[in-house]
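Chemist: sequence and predicted model, in that order:
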Amino acid sequence: MKSRTWYKKISSALLVVGLAWSACFPVQAAATDLPLSRITTVAGSKQFGQKNGSAAQVQFRFPYSVVQNAAGEIFVADSENNQIRKITEDGTIQTLAGGVGEKDKSCSCTGDLKDGIGTSARFNLPQGIALDAVGNLYVADRMNHAIRKITPDGTVSTLAGSGKSGYQDGTSKAAQFNEPGDVAVGPDGVVYVADTLNHRIRKIASDGTVRTLAGGQMDGAFRDGRGEEALFNEPDGIAVDHKGVVYVADTGNQRIRQITPDGTVRTLAGGGNEKVEESTVLAGDFADGSGQEARFASPTGLSISPDGKTLYIADTNNQRIRALALDTHQVRTIAGVEEYGIWNGIEQNARFDGPADVWAGAGGTLLVADSRNHMIRKITPELPASYSKKSYIQLYLNDTEITFPTAPLRKDNRVFVPVRAIADALGRTIEWDASTQRVTIHVPNDDQPDKPHTFYLKVQDRNIYEGDTVVQTMDTAAFLHQGRVFIPVRYIAEMNGASVQWDEKNEVVILRK
C-alpha cells in the first residue's frame, strides 16, 4: 500500500493539471434518464425546535410532509410541533395553523383536537398534507384520528373523524380512523386517506361522507384484488393522478400499489416476504429494478410528476428518493445513499436522514421533508446554463464547456478525453515525448515553490510515476487516438473531491469542484 504522503502528493498533482478528472469507472455508475440534479437546503437546521423567521433561523421538529402551491408557497406538516408551517416565496417561515402547546418530558409539544383560526387551532402529530384546486389544505391529523381542513386564511375545521381511534364509515364525525398517515385530493375534490393502522384506503366525498375504497382486514397483510379483497399493511403514503387513479405506499409490505377508480388494487413495484420478527411488517431492502425486482425500506410519501409519467417515492429507511416510471414500472434512485447524513451536493453524493415525503414540481424540481434532519430540502435538475445538445460527448467544468480538438469517446464502458485539452483548459502545460510515448506533468509544490513535482504516465501503462516509483495505478491505461493521448474520466476526480456527473441521455459529463 502506498503511503498517505504519496497518495496526497499525486492526488493533488493530478487534480491541479486536470488528470484528477480521469477515472477508471463505468460511465453507468451515475447514469440516469432523469435530469442531473443538485440538493440544497430550503429551510431548517439539524437542531430541532420551533422557530419562525428566515430560512437560516427557522427550526422544525420532524417535518413529515411538504407541498407547494401555484404561487410558490411551501407548506410543511411540522409533526412534533403540532403545527402547519408556511414558507413564503422570499424564504420567510411562519405558522399557518396550530398552537405549540405544552411540552412533554421528551420536549415534544403535546397535541390536542381543536378547531379555530391560526394558532388557536390544535393538532396532534399532523403528518400527510395535500392541497386542493382552490388552495384548501387537508391534513392527516394522525393521533387525533381525524382529517382536518385549513382554508387559505388559516381557519381549521374537522372534515372527518371523531378524535378517537376506530374503524367506521359514515358522515363526518361519525366516521372513525386509526392513525391516518396521509391524504391526497383527486381531480373531483374527493379526499383520499391512507388509514394506516386500519390497513385501508378511505375516501371522503364533498359532503363529508367517508367510505372504504380498498382493504378489508384489521391486521396487516398482502393481497391484490378488488375492494375488500385487497389487503394492505400499514399504508402510510398516498397520491392520486388527474384521472383519479390512486397510488399507495404500502409501507409495511414494502411495496407501491395502484388502485383504479373501481377499487381494483395491483402491485406496481416492490417485493419480498420476510417478516420482521414478532411483526406483520415485512423486512425492507434496497434494489433498483423493474416491478417486483425493486426493493424498498419503509416507503412513505408519494408525489406524481406534473406530466403524470413518474411517481416519486420517499424511501424513508433507505435514505433515498426513488422514481417509478408508471409506464414501465422501472424504479430508479434519484438522490441519496444508504448512509444517513446531512450533505448537500449532486444527487449520488447527497445524504438524507429519514426522508418522509417528496413533492414534485414543474421542471423536475422536488421538495423533500427530511424528517430526522429537521429540514426541507430541494432537488433541482441541473444542466449547465450554456448547455445545448450536440452530436458528441460533452465535458463541462462546472458551467463551462471544455472544448477538445478530438471529441471524447466511449471505450470499454468508459468515457475518455484528451489529456492536453484538459490541462490547457486549466491553464497548465504538459510535455509529450513521442519517442517514449510519455506524458510529463509538472505540478507546483506548495511547500517548495522553486521545486515543482514531476510525474509522468505512459501510453498503454496503467501506472503513474514519480521518478522510477509507481505512485498510483489506474485500472485502465491511457492510449493514443488520432495522435492524442486519451485518459478515462472519474476515478481520481472522486477520490479528490471533484464530483462527476454523467448524463447518459444527453451524453454530458459534468465535473464539479
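Modeler: On my side now, so go ahead.

Chemist: tell me how many other residues surround Val470.
Modeler: Each residue near Val470 was counted by other CB atoms under 10 Å, and the total is 15. Bear in mind the C-beta positions are built from the backbone N, C-alpha and C, glycine included.

Chemist: same question, Pro488
Modeler: Count around Pro488 with other CB under 10 Å applied: 25.

Chemist: tell me the contacts of Thr473?
Modeler: Contacts here follow CB atoms under 8 Å, 6 or more residues apart in numbering; on that basis Thr473 touches 462-464.

Chemist: out of the residues you listed, flag the one nearest to Thr251.
Modeler: For those, the minimum distance to Thr251 (CB to CB) is 47.5 Å, reached by Arg462.

Chemist: sec struct for the most centrally placed residue in the chain, please.
Modeler: Taking CA atoms, centre = their mean, the centroid of the chain lies closest to Ile321, which sits 3.1 Å from it. Per DSSP: H, G, I helix; E, B strand; the rest coil, the local secondary structure of Ile321 is strand.

Chemist: same thing with Arg372?
Modeler: Classification of Arg372 by three-state DSSP places it in helix.

Chemist: quick one: it from Gly220, how far?
Modeler: 24 Å (CB to CB, to the nearest Å).

Chemist: who's more crowded, these two?
Modeler: Gly220 (23 against 18).

Chemist: show the contacting residues for that one.
Modeler: Counting by CB under 8 Å, 6+ apart, Gly220 makes contact with 199, 231-234, 252-253, 280-281.

Chemist: of these, select the buried ones using a PyMOL command.
Modeler: Buried residues among the contacts of Gly220 (16 or more other CB atoms under 10 Å), as a PyMOL selection:
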select buried, resi 199+231+232+233+234+252+253+281
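
Chemist: looking at the contacts of Gly220, which is nearest Ala294?
Modeler: Among the contacts of Gly220, and counting by CB to CB, the member closest to Ala294 is Asn253, at 12.9 Å.

Chemist: ok, and what's touching stretch 288-295?
Modeler: For stretch 288-295, with CB under 8 Å, 6+ apart as the criterion, the contacting residues are 254, 267-272, 284-287, 322, 324, 328-333.

Chemist: that one: end-to-end distance?
Modeler: One end of stretch 288-295 sits 7 Å from the other (CA to CA, to the nearest Å).

Chemist: show me what secondary structure element comes after the least confident helix or strand in the chain by mean pLDDT.
Modeler: In the chain, no helix or strand scores lower on mean pLDDT, DSSP states H and E than helix 4-17, which sits at a mean of 38. On the C-terminal side of helix 4-17, the closest following helix or strand by DSSP states H and E is strand 37-44.

Chemist: buried stuff in that next one?
Modeler: For strand 37-44, using 16+ other CB under 10 Å, the buried residues are 37-39, 41-44.

Chemist: now those residues in CSV, with distance to Ala174 and pLDDT?
Modeler: Listed next are the buried residues of strand 37-44 as CSV, based on distance: CB to CB, whole Å; pLDDT from 0 to 100:
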residue, distance to Ala174, pLDDT
Ser37, 46, 85
Arg38, 49, 86
Ile39, 45, 92
Thr41, 43, 95
Val42, 40, 96
Ala43, 39, 94
Gly44, 39, 93
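
Chemist: from those residues, pick the one nearest Ile87.
Modeler: Ala43 (5.6 Å).
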